[in-house]
Structures are given as C-alpha cells and as structure tokens.
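*Asks:* How does the following fold in three dimensions:
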Amino acid sequence: MKWNTTQTTTLMPQPAVPRSGIGPVAMPHPRSSHAPIYSGSVNDSIEDFLREYEEFADSCGLTNRQKVETVTCYTTSDLREFWKSLDGYLASDWRDLKRELLRLYASTSAQWRHSENQLRSFARASAKSRMKSEADVLHYYRQFIVLSKPLLDSQWMTPGACNRLFWWGFHKRDHSEMSIRLIAEHPCQPVDVHFDYLDVFEVARAILGNPDSKMELEDSSDEPYGMRNRCSEHTQEPCYDREERESQGADYIY
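*Replies:* Numbers count the residues shown, from 1 in each chain. Below is the predicted model:
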C-alpha cells in the first residue's frame with residue numbers, strides 16, 4: 001500500500017492593499033495636474049473638493065487622522081494655517097473637520113448665489129416696461145452697478161454675463177432702437193457677443209433720454225437688409241438657463 005505523502009500548505013490571509021498604494025506618500029503631489037486643490041475663491045466648490053480629496057484618500061488607505069493632517073497640503077498657505085486652527089483639526093477628527101469646512105464655505109457660495117438672483121430679478125423686472133426719460137436710464141444704471149459690482153469684484157460673475165444682464169434689463173422694443181445705434185458705432189461686434197454695458201448705457205441715455213431721437217421699429221423699413229438682420233440677431237429673446245429659471249422667485253430690490 002502506498003501512502004500519500006503530499007503535504008497541504010495553508011495560506012494565511014493577507015491584508016487588503018489599496019489599489020493606489022498605502023498612506024500619505026501615495027497621494028498625488030499638490031502641484032500635480034490631477035491633485036484636488038481648493039483656493040478659497042468663490043468659484044471653487046468646497047463640496048467637489050472634499051469629495052475628490054476623500055476619493056484619493058480612501059484609495060490610498062489614509063486613516064481619519066491622516067486625512068486631517070494631509071488635507072491642508074491641498075490649499076493655499078493662508079487657508080492652511082486657518083484650517084489648522086479649527087477644532088476638527090486640533091482633535092484629529094476628520095468628520096468634524098469636514099463638517100466645519102462645509103459650514104464655512106458652503107454658506108459663502110449660497111450668499112453669492114442669492115446676490116446674483118437679486119440682480120437677475122432686478123433686470124427682469126426692469127425689462128417689463130419701457131424707459132421714458134434719462135432719469136429712468138440713470139436709475140437703472142446706478143442700481144445695476146450697486147448689485148453687480150460685488151459679483152464682478154469677487155469674480156463670481158464674468159464681465160460677459162454682466163453685459164448680457166444689463167442689456168436684458170431694457171424693454172425689447174428699446175432693444176430694437178438701441179441696436180441700430182450700437183451696430184453703427186461698433187460694426188465689428190460679433191453677433192453672439194453682447195455690447196459692453198457702458199456702451200449700452202451711453203446709447204440708452206442718448207436715445208431713450210431724448211424723445212426726439214426715438215425711432216419706432218416699424219419706421220426702419222428703409223434700412224439695408226443686412227442692418228435689419230443684425231439688429232434682429234442682437235435682440236433675440238434670452239434663453240435663460242436652469243439657474244435663471246430657479247431665480248424667478250428672488251425678491252426685486254430697488
């Protein structure tokens with residue numbers, strides 16, 4: 001009789017290894033193009049930053065304490081020192097630190113969104129009626145500057161978006177009259193780019209502030225076809241995006 005002399009080897013279970021490596025050394029370098037970065041500007045989303053950071057941290061096997069210590073590498077030097085003073089950082093508690101960051105920076109974004117909604121609501125309300133005097137134009141211009149300047153200074157709103165909103169604060173019949181003058185003064189203006197709000201303001205003062213210079217749309221039938229076509233392209237109805245539609249409930253402020 002032959003005895004089976006084959007020995008059975010028992011394999012011990014091995015600890016799971018994260019797919020991208022282990023510990024903070026496996027995290028992307030802060031200066032690399034694919035690293036999560038938070039600059040603190042109003043255009044930065046703290047929610048997106050934290051979500052992306054956590055994905056990297058989890059894939060690299062960071063502990064909660066290491067997440068706290070490492071997150072400050074992915075922001076500016078000023079914010080780094082501030083974040084290190086927060087209670088969640090001092091306690092090495094990632095959940096508390098994340099909650100503090102969301103509370104601090106998400107509220108800032110909400111504030112700017114509310115300010116933009118106020119500006120949109122103001123322009124929309126202004127466009128419901130025609131301006132009859134220079135005083136009407138000046139009132140609209142001054143109030144628009146009050147509402148838009150903080151948004152421009154903070155870079156929450158681009159100059160192009162500001163120009164577009166200023167234009168749509170005028171009645172669509174005023175658009176027809178103002179476009180003729182604007183196109184004559186700026187013949188190279190692309191049809192898909194709104195005129196600078198200061199140029200629009202000066203033309204509005206000249207035309208709407210002087211009853212003798214107003215021209216009704218039906219009286220422009222003797223204009224060259226190309227001029228009429230460009231005017232119609234510059235005075236198309238605005239196509240509001242989802243955010244603008246949601247802002248219709250914002251309060252109208254004088």
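
*Asks:* Do I have it right that residue 170 meets residue 179?
*Replies:* No: in this structure, residue 170 is not within contact of residue 179 by CB atoms under 8 Å, at 10.4 Å. Using the backbone N, CA and C atoms, a C-beta is placed for each residue, glycine as well.

*Asks:* list the buried ones in stretch 36-47?
*Replies:* Of all the residues in stretch 36-47, those buried under the rule 16 or more other CB atoms under 10 Å are 36-38, 42, 44, 46.

*Asks:* among those, which two are most distant?
*Replies:* When CB to CB is used, the two most widely separated members of those are 36 and 42, lying 17.9 Å apart.

*Asks:* ok, how many other residues are close to residue 176?
*Replies:* The number of residues packed near residue 176 is 19, by other CB atoms under 10 Å.

*Asks:* So it: helix, strand or coil?
*Replies:* Classification of residue 176 by DSSP: H, G, I helix; E, B strand; the rest coil places it in helix.

*Asks:* Hmm, residue 116 is touching residue 158, no?
*Replies:* No: with contacts counted by CB under 8 Å, residue 116 stays clear of residue 158, the gap being 11.4 Å.

*Asks:* Quick check on the two: which one has the bigger neighbour count.
*Replies:* residue 116 (22 against 12).

*Asks:* what's the distance between that one and residue 73?
*Replies:* In this structure, residue 116 lies at 32 Å from residue 73, with CB to CB, to the nearest Å as the measure.

*Asks:* Helices of the stretch 51-200 of the chain, start to end?
*Replies:* Remark: helices assigned in the stretch 51-200 of the chain by DSSP state H, counting those that start in this stretch are 64-71, 77-83, 87-90, 94-126, 134-153, 159-167, 172-185, 197-208.

*Asks:* Many thanks, we can stop here.
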